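Colleague: task: produce atomic coordinates for the following.
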Amino acid sequence: QSFIPELVPEFASEGDLLIIGWGGTYGSLHTAAKQLYDEGFRNIGFAHFNYINPLPKNTEELFSKFKKIIVCELNTGQFASILRMNFSREFL
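Modeller: Model (predicted):
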């Protein structure tokens, strides 16, 4: 895991909501998160995973800084399932 870079969120680094994406969702999610941030929602962060096996070593630490986490996918929720298996958090 030492060769996987740490996950660095954009916009808020802690707060009420973390929007998570991976793969082809980057552009749409980044645009949506930026629009929310520009409209004054400063407690929303965005993190895009480039590596999912293994996950970045700071994933759990980042998750602990947000009250709610939304995983946005273009499939039936496989990544959210992987996160549920690895962390004791509720993912929306």
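
Colleague: only C-alpha atoms from now on, for both contacts and neighbour counts.
Modeller: OK.

Colleague: look up the residues forming beta bridges with the most centrally placed residue in the chain.
Modeller: Geometric centre of the chain, nearest residue: Ile20, 2.6 Å, by C-alpha atoms, centre = their mean. Under the criterion DSSP bridges, Ile20 forms beta bridges with Ala47, Val71.

Colleague: so who does it touch?
Modeller: By C-alpha atoms under 8 Å, 6 or more residues apart in numbering, the contact set of Ile20 is Phe46, Ala47, His48, Phe49, Ile69, Ile70, Val71, Cys72.

Colleague: can you flag the buried ones in those residues?
Modeller: The neighbour-count test (16 or more other C-alpha atoms under 10 Å) marks Phe46, Ala47, His48, Phe49, Ile69, Val71, Cys72 as buried among the contacts of Ile20.

Colleague: circling back to that earlier point, now the residue nearest to the centre of the chain: how far from Leu55?
Modeller: 13 Å (C-alpha to C-alpha, to the nearest Å).

Colleague: average model confidence for the lengthiest helix in the chain?
Modeller: When the chain is scanned for its longest helix (criterion: DSSP state H), the result is helix 26-38. Regarding helix 26-38, the rounded mean pLDDT is 96.

Colleague: just stretch 58-78 next, same as before
Modeller: Stretch 58-78 comes out at a mean pLDDT of 94.

Colleague: and for it, what's in contact with it?
Modeller: 6-7, 13-22, 24-25, 29, 79-80, 87, 90-92.

Colleague: quick one: which of those residues sit in helices?
Modeller: Short answer: the contacts of stretch 58-78 in helices (DSSP H) are Leu29, Phe79, Ala80.

Colleague: turn those residues into a markdown table, including distance to Phe63 and neighbour count.
Modeller: Below are those laid out as a markdown table (distance: C-alpha to C-alpha, whole Å; neighbours: other C-alpha atoms under 10 Å):
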| residue | distance to Phe63 | neighbour count |
| --- | --- | --- |
| Leu29 | 18 | 20 |
| Phe79 | 15 | 17 |
| Ala80 | 13 | 19 |
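
Colleague: for Phe3, give me the pLDDT.
Modeller: With respect to pLDDT, Phe3 has a value of 85.
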